[in-house]
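Asks: what would the 3D arrangement of this be:
(one chain, ligands or ions: 2)
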Amino acid sequence: MTAFLFVTDLDNTLVGDDTALAELNQQLSQHRQDYGTKIVYATGRSLFLYRKLTTEKSLLQPDALITSVGTELYFNPTEDTFDPEWAQIVSQGWDREQVIATASHFADLILQEDSEQRPFKVSYHLTEQAAVEVLPQLKSALQERQLNVKLVYSTGFDLDILPLKADKGLAVQFLRQKWGIEVKQTVVCGDSGNDIALFSVGEERGIIVGNASSELWQWYQANQTDYRYLAEAHCAGGILEGLHHFGFLSD
Ligand code: GLC
Ligand code: MG
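Replies: Residues are numbered from 1 along each chain as shown. Ligands and ions are numbered 1, 2, ... in the order given. Prediction:
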């Protein structure tokens with residue numbers, strides 16, 4: 001066994017089955033101790049909502065924490081300030097005020113709670129029904145104003161608008177390069193739309209948990225390769241299944 005970089009989404013991926021989570025935690029923390037494996041969480045949650053989750057569930061202390069859909073990076077989640085180097089990269093070409101002004105013309109976009117509005121992320125709720133029309137219209141309105149941004153739609157309800165230089169996958173790539181870890185020794189896990197970037201940034205080993213939401217499931221069906229694995233088991237159980245499939249954990 002050798003060290004690897006373990007990256008996982010939290011809601012409905014790492015978290016969702018407490019029994020499997022306890023088993024996975026035990027195996028990962030042993031692996032970190034024995035081989036120096038690194039554990040990274042890549043979540044849509046803000047640091048505020050991440051901390052809330054840590055009071056509700058038993059989570060290992062990560063070696064790095066990617067929050068707010070890849071727009072912020074923390075090497076120490078007990079500190080309040082995000083990594084300035086990553087912030088500098090994602091801030092390029094980002095005009096938050098103009099993004100909000102453009103989106104405000106769409107009545108179907110309902111702003112999410114304040115804690116989820118971040119320096120490099122603006123987030124709304126949008127029903128799946130309305131999304132069919134609103135997403136292409138919003139996209140062209142943003143393009144008309146030369147706002148080069150990313151629209152990320154997850155679980156048929158959450159819409160995030162992000163800088164072009166930010167998403168979960170790009171944040172993982174930044175970390176991988178910083179730590180000098182090869183793509184083949186990196187595994188990423190997710191369940192929904194904002195995780196597609198984790199699976200598509202490069203040839204990282206990908207685990208899609210069995211309970212994946214429809215947008216990720218459809219993406220997986222159209223983009224199958226031997227370095228992406230669709231698990232049968234849900235949440236942490238699916239992660240354990242995938243880690244064995246790729247040989248990161250021994251049978
Ligand atoms: C998390 C965040 C929310 C985001 C969603 C999807 O729930 O709190 O702001 O829209 O993930 O990325
Ligand atoms: Mg999730």
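Asks: for the stretch 51-200 of the chain, which segments are assigned as strands?
Replies: 64-67, 72-74, 110-111, 122-125, 149-154, 158-163, 186-190 (DSSP state E, counting those that start in this stretch).
Asks: any chance of the ones you listed in JSON lines, plus mean pLDDT and mean neighbour count?
Replies: Quick note: C-beta positions are derived from backbone N, CA and C, even for glycine. As requested, the strands of the stretch 51-200 of the chain are arranged in JSON lines below (pLDDT from 0 to 100; neighbours: other CB atoms under 10 Å):
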{"stretch": "strand 64-67", "mean pLDDT": "98", "mean neighbour count": "26"}
{"stretch": "strand 72-74", "mean pLDDT": "98", "mean neighbour count": "23"}
{"stretch": "strand 110-111", "mean pLDDT": "98", "mean neighbour count": "13"}
{"stretch": "strand 122-125", "mean pLDDT": "98", "mean neighbour count": "20"}
{"stretch": "strand 149-154", "mean pLDDT": "96", "mean neighbour count": "20"}
{"stretch": "strand 158-163", "mean pLDDT": "98", "mean neighbour count": "24"}
{"stretch": "strand 186-190", "mean pLDDT": "98", "mean neighbour count": "27"}
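Asks: among these, which comes closest to ligand 2?
Replies: strand 186-190 (6.3 Å; CB to the ion).
Asks: now check the closest one, is it near ligand 2?
Replies: No. With CB under 5 Å from the ion as the criterion, ligand 2 is not reached by strand 186-190; the gap is at least 6.3 Å.
Asks: that strand close to ligand 1?
Replies: No. Contact of strand 186-190 with ligand 1 (CB under 6 Å from any ligand atom) is absent, the minimum separation being 10.7 Å.
Asks: what lines up beside that strand in the sheet?
Replies: Counting by DSSP bridges, the strands paired with strand 186-190 are strand 5-8 (parallel), strand 205-208 (parallel).
Asks: can I get the helix or strand immediately after the last one in the chain as CSV, trimmed to CA atoms?
Replies: Just to be clear, that refers to strand 205-208. From strand 205-208 onward toward the C-terminus, using DSSP states H and E, the following helix or strand is helix 214-222. What follows is helix 214-222, C-alpha atoms only, in CSV (Å, rounded to 0.1, in the frame of the first residue of the first chain):
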residue,chain,number,x,y,z
SER,A,214,-29.5,12.6,-11.9
GLU,A,215,-27.2,15.3,-13.4
LEU,A,216,-24.1,13.4,-12.3
TRP,A,217,-25.5,10.0,-13.2
GLN,A,218,-26.3,11.3,-16.8
TRP,A,219,-22.8,12.8,-17.1
TYR,A,220,-21.2,9.6,-16.0
GLN,A,221,-23.2,7.6,-18.5
ALA,A,222,-22.0,9.9,-21.3
